[in-house]
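K.L.:
from the sequence below, what's the structure:
(chains A and B)
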Amino acid sequence: MIVRGKCWKLGDNISTDHIISGKYKFEAINDMNKMAVHVLEDVIPGFYKLVSKGDIIVGGRNFGKGSSREQAPRLLKLVGVGAIVAKSFAHIFYRNAINIGLPVIVAKIIPDVSETGDVVEVDISNGIVRNITKGVEERFTPFPKEILDILEVGGVVEYIKRYGGLPWSRGTR
Amino acid sequence: MGLIDRIVSKAIGRNVSPGEIVVINIDAVYAQDGTAPLVIDVVEKELELKRRVAVERAFFFIDHSSPAPHVAAATVHKEMRRFAKEYGVKLFDVGYGISHQVVVEDGLVRPGMVVVGADSHTPTIGAIGVYATGVGSTDAAIAMMFGMLWLKVPETAKVVLTGAMPKGVMSKDIALHIIGSIGTDGMLGRAVEFRGDTLKYLSVDSRMTLTNMCTEMSAESAIMPVDEVARKWLNERGYTIYRDVDWEKEDGYVDELIVEVSKLEPVVAAPPDVDNVKGVGEVSNVEVDQVFIGSCTNGRLEDIEIAARILHGRKVKDGVRCIVSPASRKVYMEALKRGYIDILASAGCTIAPPTCGPCVGAHMGLLAAGEVAVATTNRNFPGRMGHRDSKVYLSSPAVAAATAIEGRIADPRKYLS
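P.N.:
The predicted structure follows:
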């Protein structure tokens, strides 16, 4: 499983509030498309229009900190983000991203060398992230098979529907 | 093995190590009106399930925008009530209280349980020896419908609190002091286990403030041992230990932090983030428009009590709004019975119903551009309580009450004899 796209470079401590402000959560609770126009609006105005399918966000430390709001990773995926590479992730955001099938990669070097507009590639199955533009490659700890399976089918809900149970414990449905 | 490892090991019937991924039965799961709508969508539209929930202790709380401040929230609440009835989720409606307070107070969660909540402050309930972590809506939906979840066993850092509590210092000051030292990502990827002789001076109310604020150090979970204080609290309420483990043994930590509590002073977290911590003396020139005492962090009886002690026979300064919101109806009723509400209302405070509203900037006391608030809540990011150009200083209820009297950030010690 390989994701390749244009890099959007963000800093440290990008919170779920930055990704989608809490004030929109009642405006379009069941209509993600309506909420999508606000995604990252205070960080990169117009992001929803500028981003292309498969683009990769490269963030810093504690990406996705703050509230447990799952709209944050869902909206990033909806507007086309193919993967997020960061130095570290907030724990709830990390789980939420995997659960909805958005690859989240912890890397040490790539966040320091990458700039917006670079071409970045993530080889999820083999645990390699490359900044093609800068010619830098970094290995990351590969996901356990079960997490890879979740990412490949597009999220844990799809996984359960396809295999009849949670990974690690198939057949619980 | 730390306390969390011991609870997980006992729950799944084999010894586990930090970093290991396990599938575990969930003893209780809850969501609130910010996260429940997506739980409902995941169950009904994505999983396409139409059956009773698999977990007996599955709860919905209408606590964030409560009572409904607009039609959109009212509509969400209506949907939650419908779903709760159809799927067998127990719903706590407007006015009952804030989730983390209610599950502890009502004995819905017990020591040794494994609990997930679709709210980032779920680790609050670790104060009574629960392994609790915050999750998103998909996780909460799966936990409710299947009764299990995959969890990565966190590494545990030990925080040792030493010495007695100085006058005017509350557990909120301890929490802010720690965050000021280690930063808002200081416990990223870890759980926090509290130890040390200070615990014997800390009530369950005070403990919940500490575990609550571990979310602001980016901890995945926080836990306290079931010691004599906790046992007394449980016994008084007839609550039992759900899953008993060795609460006393201290080992298996990746890190250790020692806090000399007896040397601490009242502090605040100045904007724009929770780790910008300063002594009250450093910010005594900051004038405030609003004081808020409440939330899952500091809306408990002890918090209302200290505010009442400080405001007794005194007045909230002209031009300052002081809003007090007890964290649950039970806290509200007890505060009424003890005369605290009378004292606070007489002093000029506005008593609000139990709600997360002001803390999350939903309603019940938002800030305009340029306004400044002192709040006993947990986050002070720009715009958290209203306009992006408003400012929030986080403090203990003692500092908040003293500030309400003076109209500027004040040291509570002079009001405590």
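
K.L.:
contact partners for residue 67?
P.N.:
Going with chain A. Counting by C-beta atoms under 8 Å, 6 or more residues apart in numbering or on different chains, A:Ser67 touches A:15-17, A:22, B:34, B:120. Quick note: C-beta positions are derived from backbone N, CA and C, even for glycine.

K.L.:
hmm, no, I was thinking of chain B.
P.N.:
B:94-95, B:353, B:355.

K.L.:
quick one: mean pLDDT over the longest strand along chain A.
P.N.:
Longest strand in chain A, counting residues (DSSP state E): strand A:2-9. The average pLDDT for strand A:2-9 rounds to 98.

K.L.:
could you point out which element follows that strand?
P.N.:
helix A:16-19 (DSSP states H and E).

K.L.:
so how far is B:Leu344 from B:Phe412?
P.N.:
That one is not Phe; residue B:412 is Pro. Remark: distance between B:Pro412 and B:Leu344 (C-beta to C-beta, to the nearest Å) = 15 Å.

K.L.:
again but with B:Arg408, I slipped
P.N.:
Counting by C-beta to C-beta, the gap from B:Arg408 to B:Leu344 is 20 Å.

K.L.:
the more surrounded of these two?
P.N.:
B:Leu344 (25 against 17; other C-beta atoms under 10 Å in any protein chain shown).

K.L.:
is chain B contacted by the one helix or strand in chain A whose mean pLDDT sits lowest?
P.N.:
Within chain A, no helix or strand scores below helix A:32-36, which has a mean of 87 by mean pLDDT, DSSP states H and E. No - Helix A:32-36 lies apart from chain B when judged by C-beta under 8 Å from any C-beta of the partner chain; the minimum separation is 9.7 Å.

K.L.:
starting at the chain centroid, how far to the longest helix along chain B?
P.N.:
For chain B, the longest helix by residue count, based on DSSP state H, is helix B:71-87. Relative to its chain's centre, helix B:71-87 lies at 24 Å (C-alpha atoms, centre = their mean, to the nearest Å).

K.L.:
again with stretch B:64-83
P.N.:
Using C-alpha atoms, centre = their mean, the offset of stretch B:64-83 from its chain centre is 22 Å.

K.L.:
CA atoms only: put that stretch into CSV for me.
P.N.:
The C-alpha trace of stretch B:64-83 is given here as CSV (Å, rounded to 0.1, in the frame of the first residue of the first chain):
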residue,chain,number,x,y,z
HIS,B,64,-22.1,19.8,26.6
SER,B,65,-24.8,22.1,25.1
SER,B,66,-27.2,21.6,27.9
PRO,B,67,-29.9,22.8,28.2
ALA,B,68,-30.0,23.1,24.4
PRO,B,69,-28.9,26.7,23.4
HIS,B,70,-30.2,26.4,19.8
VAL,B,71,-32.4,24.2,17.6
ALA,B,72,-29.5,22.3,16.1
ALA,B,73,-28.5,21.1,19.6
ALA,B,74,-32.1,20.4,20.5
THR,B,75,-32.3,18.2,17.4
VAL,B,76,-29.2,16.3,18.4
HIS,B,77,-30.5,15.8,21.9
LYS,B,78,-33.8,14.4,20.5
GLU,B,79,-31.9,12.0,18.3
MET,B,80,-29.9,10.8,21.3
ARG,B,81,-33.0,10.1,23.3
ARG,B,82,-34.5,8.1,20.4
PHE,B,83,-31.3,6.1,19.9
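
K.L.:
now do the buried residues in it.
P.N.:
B:64-69, B:73, B:76-77, B:79-80, B:83 (16 or more other C-beta atoms under 10 Å in any protein chain shown).

K.L.:
how about the residues of the stretch 1-150 of chain B near chain A?
P.N.:
Counting by C-beta under 8 Å from any C-beta, the stretch 1-150 of chain B sits next to chain A at B:21-23, B:34-35, B:37-38, B:41-42, B:46-48, B:65, B:70, B:72-73, B:76, B:118-120, B:133-139, B:142, B:146, B:148-150.

K.L.:
scratch that, the stretch 251-400 of chain B
P.N.:
Checking the stretch 251-400 of chain B against chain A by C-beta under 8 Å from any C-beta, the hits are B:273, B:360-362, B:379, B:381, B:383-384.

K.L.:
quick one: the helices in the chain, in order.
P.N.:
Defaulting to chain A. A:16-19, A:32-36, A:47-50, A:71-78, A:91-99, A:110-113, A:145-153, A:156-163.

K.L.:
the intended chain is chain B.
P.N.:
For chain B, helices defined by DSSP H occupy the ranges B:3-12, B:36-41, B:71-87, B:99-105, B:137-146, B:171-182, B:204-213, B:228-237, B:295-298, B:301-311, B:329-337, B:340-346, B:397-406.

K.L.:
with distance to A:Asp123 and mean pLDDT added, can I get these in TSV?
P.N.:
Shown next, in TSV, are those (distance: least, C-beta to C-beta, whole Å; pLDDT from 0 to 100):
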stretch	distance to A:Asp123	mean pLDDT
helix B:3-12	32	97
helix B:36-41	31	95
helix B:71-87	41	96
helix B:99-105	41	98
helix B:137-146	26	97
helix B:171-182	35	98
helix B:204-213	39	98
helix B:228-237	49	98
helix B:295-298	42	98
helix B:301-311	52	98
helix B:329-337	53	98
helix B:340-346	60	98
helix B:397-406	52	98
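
K.L.:
tell me which of those sits most buried.
P.N.:
When the helices of chain B are scored by mean count of other C-beta atoms under 10 Å in any protein chain shown, the highest mean neighbour count falls to helix B:295-298 (a mean of 30).

K.L.:
dump the residue contacts of A:Phe140.
P.N.:
Per C-beta under 8 Å, 6+ apart, neighbours of A:Phe140: A:105-107, A:127-129.

K.L.:
ok, and the most crowded of the residues you listed?
P.N.:
A:Val129 (26 neighbours).

K.L.:
wait, that one sits on A:Asp118?
P.N.:
No - applying C-beta atoms under 8 Å as the test, A:Val129 and A:Asp118 come out as separate, 11.8 Å apart.

K.L.:
on that earlier part again, for the helices of chain B, give me CSV that also has distance to B:Lys317.
P.N.:
Formatted as CSV, the helices of chain B follow (distance: least, C-beta to C-beta, whole Å):
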stretch, distance to B:Lys317
helix B:3-12, 45
helix B:36-41, 39
helix B:71-87, 33
helix B:99-105, 29
helix B:137-146, 42
helix B:171-182, 22
helix B:204-213, 26
helix B:228-237, 36
helix B:295-298, 21
helix B:301-311, 11
helix B:329-337, 22
helix B:340-346, 14
helix B:397-406, 6
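
K.L.:
which stretches of chain A have low pLDDT?
P.N.:
The model of chain A has pLDDT under 70 over residues A:25-30, A:169-173.

K.L.:
identify the bridge partners of the residue lying closest to B:Thr35 once chain neighbours are set aside.
P.N.:
With sequence-adjacent residues excluded and distances taken as C-beta to C-beta, 6 or more residues apart in numbering or on different chains, B:Thr35 is closest to B:Ala118, at 3.7 Å. For B:Ala118, the beta-bridge partners are B:Ala31 (DSSP bridges).

K.L.:
next up, the contacts around B:Ala118.
P.N.:
Here B:Ala118 is in contact with A:68, B:30-32, B:35-36, B:39, B:134-137, B:139-140 (criterion: C-beta under 8 Å, 6+ apart).

K.L.:
just those now: which is nearest B:Glu193?
P.N.:
Among the contacts of B:Ala118, B:Gly134 lies closest to B:Glu193 (C-beta to C-beta), at 17.3 Å.

K.L.:
how far away is the nearest residue to B:Arg57 once chain neighbours are set aside from A:Phe63?
P.N.:
Spatially, and ignoring its direct neighbours in sequence, B:Arg57 is nearest to B:Ala28 (3.7 Å; C-beta to C-beta, 6+ apart). To A:Phe63, B:Ala28 is 29 Å away according to C-beta to C-beta.

K.L.:
okay, the two: which has more neighbours?
P.N.:
Here B:Ala28 and A:Phe63 are set side by side on neighbour count (other C-beta under 10 Å), and the busier one is A:Phe63, at 30 against 23.
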